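1. One predicted model, sequence on top.
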Amino acid sequence: MLRRKKRGTLTPNNSTLLLHVMPVLVARNISKPFAFLLKIGISNNSAQKILRNTAVQVNFQQLTALCLHLNCTPNDLFALRDLTPPANHALHALKSVDEPTPDLASWIATKTLAEIASMMEGKEQGGGAAQPL
């Protein structure tokens, strides 16, 4: 009988690329992240690991559910820890774990009512996206 090969010894503490969902959940104003993850079809065990930043793997169903329900890309969900990629490397598109979460309330407080109205108009008109023919 063949023995299954062990997956390895990767632990969240020594992983430099990790699933970092909390900034997106905060930006989307999701007050009960655990319930949200369960609602979109992520198992109890996986949801706990995702929220604790201890997940060492994520499958495509989970990644797709997160991206669809949070209206984001996979790049928004992953972050780097203790890694400096070479210059011009594609990993520079990812944020660092140490970067602060953007505070929407503080940002919007710096905008005038006219600027906010203009942004809202752009959103209602499709935000500059190409219109179907």
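-> Done, it's in. Given the structure is predicted, the values throughout are model-derived calculations rather than measurements.

2. roughly how far apart are the residue nearest to the spatial centre of the chain and residue 70?
-> The residue lying closest to the centre of the chain (Cα atoms, centre = their mean) is residue 77, at 2.3 Å. Separation of residue 77 from residue 70 (Cβ to Cβ, to the nearest Å): 8 Å. Every residue, glycine included, has its C-beta placed from N, CA and C.

3. Do a quick rundown of the strands in this structure.
-> In the chain, the segments counted as strands under DSSP state E are 17-19, 78-80, 95-96.

4. Is it correct that the residue nearest to the centre of the chain is in contact with residue 22?
-> No - using Cβ atoms under 8 Å, residue 77 and residue 22 do not qualify as a contacting pair, with a distance of 10.1 Å.

5. For the protein, give me the ranges with low pLDDT.
-> 1-15, 102, 123-133 (pLDDT under 70).

6. Kindly recompute the last result at 90.
-> Counting by pLDDT under 90, the ranges of the chain that qualify are 1-20, 23, 26-29, 52-58, 79-133.

7. which residues in it form helices?
-> Per DSSP state H, the chain carries helices over the ranges 22-27, 33-39, 44-51, 60-70, 74-77, 104-109, 113-124.

8. Make CSV out of those and add distance to residue 85.
-> Formatted as CSV, the helices of the chain follow (distance: least, Cβ to Cβ, whole Å):
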stretch, distance to residue 85
helix 22-27, 20
helix 33-39, 29
helix 44-51, 24
helix 60-70, 21
helix 74-77, 14
helix 104-109, 28
helix 113-124, 33
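
9. rewinding a little: intersection of neighbour lists for residue 77 and residue 70?
-> Residues touching both residue 77 and residue 70 (Cβ atoms under 8 Å, 6 or more residues apart in numbering): 21, 24.
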